[in-house]
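Enquirer: Sequence first, then the predicted structure:
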Amino acid sequence: MSQSTTVTPFEVGAASAVVGAGVGYALAPRKYNLEQLLTIEPDVFEKSIPQKLIAKAEESQKIAHSAIVEARKSIADAAKTNSAETKLMELLKSPDLDLAYKSIKGFLPKARAQSAVVVGIIAGAVGTVAKMIYNEKNY
C-alpha cells in the first residue's frame, strides 16, 4: 500500500515565493553607518540607495543624498594625496553630514524590503512554471 500526495503548481509557487523573499531579504544591502556609507565601493553605494528611491524622495532627502555623494567624492580626492583618513575623520565630525545621513538612513530598510518582495515574486513565478513543466513531462 503506497501513499502518494500531489503538490499543485500553486503550492510550489507559494513555497518558492516564501523562500525567495527570505533569500532576497537576506542578500539585500544591510544598513550601513555613516563611516561605512562614505567608504564603501561605488557599486555597493548605488545598490544601497537606488536612484529610483532618490527620485521619489522629498527635496530635503535629495539634498542630503547629494551631500553624502559630495563627501564621498572629497574622500576619493583626498585619497590621491594620502589624506583620506584625515578627511574622513573631519567629515564624520560634521553635524550637517550627520543630519544628511539620518535623512537618508530611512531608505536602506526600504531597499531591503523591496528586494525581498521582488525576489519572492520572481521565485514564486519560476517555481510555478517549473512545476507546470515538470507535470506536463510526467504525463
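Expert: Structure's in. What do you need?
Enquirer: Isn't residue 107 up against residue 53?
Expert: Yes: between residue 107 and residue 53 a contact is recorded at 5.0 Å, counting by CB atoms under 8 Å. For every residue, glycine as well, the C-beta is placed using N, CA and C.
Enquirer: Pick out whichever of these two has more residues nearby.
Expert: residue 107 (20 against 17; other CB atoms under 10 Å).
Enquirer: Helices of the protein, start to end?
Expert: Using DSSP state H, the helices of the chain run over 9-27, 34-39, 42-48, 51-55, 59-79, 84-92, 95-105, 107-138.
Enquirer: Make CSV out of these and add mean pLDDT and distance to residue 3.
Expert: Below are the helices of the chain laid out as CSV (pLDDT from 0 to 100; distance: least, CB to CB, whole Å):
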stretch, mean pLDDT, distance to residue 3
helix 9-27, 87, 17
helix 34-39, 88, 54
helix 42-48, 82, 47
helix 51-55, 85, 50
helix 59-79, 92, 58
helix 84-92, 92, 64
helix 95-105, 90, 53
helix 107-138, 82, 18
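Enquirer: can I get the CA coordinates of stretch 130-139 in PDB?
Expert: Provided in PDB are the C-alpha atoms of stretch 130-139 (Å, rounded to 0.1, in the frame of the first residue of the first chain):
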ATOM      1  CA  ALA A 130       8.800  24.700 -13.300                       C
ATOM      2  CA  LYS A 131       6.200  22.600 -11.500                       C
ATOM      3  CA  MET A 132       3.800  23.000 -14.500                       C
ATOM      4  CA  ILE A 133       6.600  22.000 -16.900                       C
ATOM      5  CA  TYR A 134       7.500  19.000 -14.700                       C
ATOM      6  CA  ASN A 135       3.900  17.900 -14.500                       C
ATOM      7  CA  GLU A 136       3.500  18.000 -18.300                       C
ATOM      8  CA  LYS A 137       6.600  15.900 -18.800                       C
ATOM      9  CA  ASN A 138       5.300  13.200 -16.400                       C
ATOM     10  CA  TYR A 139       2.000  12.700 -18.200                       C
END
